[in-house]
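Undergrad: sequence and predicted structure, then a few things I'm wondering about:
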Amino acid sequence: MYHELTVWSRGIIMDKEARDVSSCVAAAARALGYYADNVSDYVDDPDRTNCLVRRYARFGDSPIVDRFVYENPHPDWVVLVEETIIKAVNFLRGTPERAGVVVVNSVRDPHYLLKFLPDEMKAKMAKFVVVDAVGLAEQRERSPWMFVRNLSELAFDRMSTEGAEERLAIGLGIAAPLIGALTAVTGELPIDAVADQVADRDAMLRGAAKHAVVDFAAADGEPPRAADEQADEQPARADEAGRVPATPTARSTSAG
Amino acid sequence: MSVRGTRIPPHLRLPIAGVTPPPTEKEGQRLFPTGNFRFYRPVYRDKTPPCNNACPTGEQIQKYLDYVKHERYLDGYVTILEDNPMPSVTGRVCYHPCETACNRAAHDEPIGIRSVERFLGDYGLALPTNPIKETLPPLNGTTVAIVGSGPAGLACAYHLRRRGYASVIFEALEKPGGMLRAGIPAWHLPEQILDAEITKLTRLGGIEIRCGVRAGQDISWGELRSYPATFLALGQDVGRRLPVEGSEARGVIGALEFLREAGLGRPVKVGRQVLVIGGGNTASDAARSAIRLGGGEAIIASLESAGELLIVPEDLAQARNEGVAFAPNTSLVKVLSADGQVTGAVVCDARLGRDARGAVRPELVPGTEREVACDTVLIAIGQVQQLDWLPDHLSDRGVITADQHGRVEGNVFVGGDVMRGPSMVVDALGDGKRAARDIDRVLTAQALEPEPEPEVMPYEGLNAAYFRHAPRTEVPLTPAGERRRSQRVEVTLAYSREQAVAESDRCMSCGVCNGCDNCYIVCPDVSVMRDVRENGHYTIRTTYCKGCLVCVQECPTGCLEKVPEMDFDDPADVTRMETAFAPYDGAHAEQSAFTRQLIEDTIAEYDAARAAPAGNGKPAAQPNGDAG
């Protein structure tokens, strides 16, 4: 057993969200006795606001040998902290065919997001998961996003904390529902064990319970175009996942 | 420390910034397509300015002010003619709802739109040919009947002609123009201007005006209905009677009839002490005309209080300057006469009351009756139209009833005063324009649809910091003493060319791109592209724009908006990077191949230098420092 998690986010303003996702997953794996790594981003100019940045975690039941290759070469778990990353980058580079689990923070319909992906990216996906992390997170003032917080918080907690202590607890805000959805959909780590690592446990469990899944692996053999053609008929919001009859197969995962 | 003489190996001399084109260059933007930083995309989307929205004809005021600002008068004139056939008329007599709505009023003072319109209208009348004529389509063989050659009828004929329809206009009076001639005094709208505007229309071809044909008398309802389509725009030219004692005496005249006789150039007799009953613009026009004709004085007695008068503010001020006196909250009780000639009137205090249906019900105060000396009483208390020649179900208390599209029945439409009651010239022009469009629709079997609700730009949507305060150019007036002596001297004068340009320059172009270049200048990422410096010619380089929204914040007019990037749903529109920062393998691979080659060259050079001097015993040139 071996998994590589790459979290895509945006420099400065959403850096902590990405950091929290990879930190919690790696910490939970380590607590469960796996070998685990959690690495920051050094190449993407992470000090640039809005720039695409990555966080890496990986864990397995055998020692990780290539300690100095910190970029995940074959990520099979991918989390997008912000929905426009769907359009921005090939986040499935190196992912084996039909192995990728992609978790996106969005209020939109999964099929609306999927139509921006080329076929070769869809071919690498096993599951495409949409979770309204903003809506499920603990609401802080008007929005759980950082944009509304004060500048001193931005200065301390939004920058890359490489080599430093976290000032806020780990697993707050929109990171918690994202971790929840990822854990529930992949099923590799027990939800309770991961929830122990997350500061906002309730929001994490809300994310685990409420998300929309488009399951490519279950519907293998069907042409992925079928997913596109029904996109218009899907409800606009994905948070009512229990009633989204997505194609190939969409289902709500209840856990916890 | 000098670096002269320091030997730097070629691969370290590599000027990275030179090899990697900076993002200010096209090639650099290809290398770093930072468009995927973006959550929001700036989008140019023009809204409706409030002036344009308030104008019943929908004149594109922002557009022609922009043309005048750039001294493109012909373009400005043609822009007006798209909506309004007679800018010289409305430029003089319009009660300018546009200026009332102008966002500039919240900033300092509204733009003098009417005066600029008049400037353009007079510019157009002075042209040797009508520029609109060559844009007209050929006549399609259908002729529409129009009743009334007032502003509504003329506008309908004009817009029908622009759609290829001929029209025949039936006018009851001996000259065309309707209320423009018979209701508006010459000192407001000179006769030659009106004649010139009407001639301009009839010269387009396909518009025939038959004067002296009164609907109901000389042409029947049945004949009118026999045309493929009919537009009823006969106005309201019958003044309401005031049923008071003594009102049959000589010298009691309807103000409308008085203005009509004066407007048609017939001899009119008016005394030196004129009492005008009414509180609207007709009362004001009648009182001012009476002063000019009789050389005496005039009092406007109105039920309305001084603050309730329905006279537009500038007319009110002009009337006061000309010596018109006002007796607000006053009602006429009785006209006194001797030998059948008015000698005075009894008035009393009163208040304007209305019954449940909105009709005027004066509330008199008993015991306040007093006598006023006068030799003429002008009645200006409203107007109706004689409509008994129409089928009963089509008219109601002096107006013709119609549905929301102004459709009476079948292919018969109605507009202007006879539909809406006494209203503005520009309302009638707008009705004519809409009727022409709707007649075209019914004749081509299209459905009648209401116009879509426009999105009007509020002042708050502008970036007001960009507009310095500039006072309105006040329109010049003839001195009161001079103008009150003549029926012909125009009261309101024209802007000079310089004044018109200066006034147009005050336009804030609410919600409409006017090519100010601000987005182009403020964009920190060279992502606003410009081909021609004109409206709507900017494009956003979406592969490079990071969505910082400085342009949206700084757009003076508010025509730039932010739209969530994910709302753009065209998959072909996506610029996807291969990795986060190194955008193309290709670009970096080329660069690294080049760098590697330089390093290999350096090593080869070094090896060659070590190998060469073996024979002469001198040490080899040091690769990284001064030789020797």
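TA: Yes, it's here.

Undergrad: need the pLDDT of A:P73.
TA: As predicted, A:P73 sits at a pLDDT of 82.

Undergrad: A:E166 too?
TA: pLDDT recorded at A:E166 is 68.

Undergrad: can you pull out the strands in the stretch 101-250 of chain A?
TA: With DSSP state E, counting those that start in this stretch as the criterion, the stretch 101-250 of chain A has strands at A:125-131, A:212-215, A:250-251.

Undergrad: the second one vs chain B: in contact?
TA: The one in question is strand A:212-215. No - Strand A:212-215 stays clear of chain B (C-beta under 8 Å from any C-beta of the partner chain), getting no nearer than 15.9 Å. For every residue, glycine as well, the C-beta is placed using N, CA and C.

Undergrad: packing partners of that strand?
TA: With contacts taken as 3 or more C-beta pairs under 8 Å, 6 or more residues apart in numbering or on different chains; DSSP states H and E, strand A:212-215 sits against helix A:110-114, strand A:125-131, strand A:250-251.

Undergrad: closest one to chain B among these?
TA: helix A:110-114 (7.1 Å; C-beta to the nearest C-beta).

Undergrad: ok so, going back, among the helices and strands packed on strand A:212-215, which is the most enclosed?
TA: strand A:125-131 (a mean of 26; mean count of other C-beta atoms under 10 Å in any protein chain shown).

Undergrad: that one near chain B anywhere?
TA: No - against chain B, strand A:125-131 shows no contacts by C-beta under 8 Å from any C-beta, the least distance being 12.1 Å.

Undergrad: so what's the closest residue to chain A within the stretch 1-150 of chain B up against?
TA: Residue nearest to chain A within the stretch 1-150 of chain B: B:N36 (3.2 Å; C-beta to the nearest C-beta). By C-beta atoms under 8 Å, 6 or more residues apart in numbering or on different chains, the contact set of B:N36 is A:L52, A:T84, A:I85, A:K87, A:A88, A:V89, B:T575, B:R576, B:M577.

Undergrad: possible to save those as CSV with pLDDT?
TA: Listed next are the contacts of B:N36 as CSV, based on pLDDT from 0 to 100:
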residue, pLDDT
A:L52, 85
A:T84, 92
A:I85, 92
A:K87, 90
A:A88, 87
A:V89, 86
B:T575, 74
B:R576, 78
B:M577, 72
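
Undergrad: any stretches of chain A with poor pLDDT?
TA: Low-confidence segments of chain A (pLDDT under 70): A:67, A:140-167, A:220-256.

Undergrad: near chain B, which residues of it show up?
TA: Residues of chain A lying close to chain B (C-beta under 8 Å from any C-beta) are A:8, A:10, A:43-45, A:50-54, A:82-90, A:93, A:106, A:108, A:112-113, A:115-116, A:118.

Undergrad: can you tell me which of these are buried?
TA: Those of the residues of chain A next to chain B that meet the buried threshold are A:8, A:10, A:44, A:50-54, A:82-90, A:93, A:106, A:108, A:112-113, A:115-116, by 16 or more other C-beta atoms under 10 Å in any protein chain shown.

Undergrad: and B:G212, how far from B:G294?
TA: Shown here: B:G212 relative to B:G294, a distance of 30 Å by C-beta to C-beta, to the nearest Å.

Undergrad: how about the helices and strands packed on strand A:212-215, which one is nearest B:R610?
TA: Evaluated over the helices and strands packed on strand A:212-215, closeness to B:R610 peaks at strand A:125-131, with 56.1 Å, by C-beta to C-beta.

Undergrad: contacts for the closest one?
TA: Strand A:125-131 is touched from outside by A:92, A:95, A:98-106, A:108-110, A:113-114, A:177-178, A:180-182, A:185, A:207, A:210-217, A:238-239, A:241, with contacts defined as C-beta under 8 Å, 6+ apart.

Undergrad: which of those residues are buried, as a PyMOL select command?
TA: With 16+ other C-beta under 10 Å as the criterion, this PyMOL line picks the buried residues out of these:
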select buried, chain A and resi 92+95+99+100+101+102+103+104+105+106+108+109+110+113+114+177+178+180+181+182+185+207+210+211+212+213+214+215+216+238+239+241
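
Undergrad: return the set of buried residues in the host helix or strand of B:F258.
TA: According to DSSP states H and E, B:F258 maps onto helix B:255-263. Under the neighbour-count criterion of 16+ other C-beta under 10 Å, helix B:255-263 has B:A255, B:L256, B:E257, B:F258, B:L259, B:R260, B:A262, B:G263 buried.
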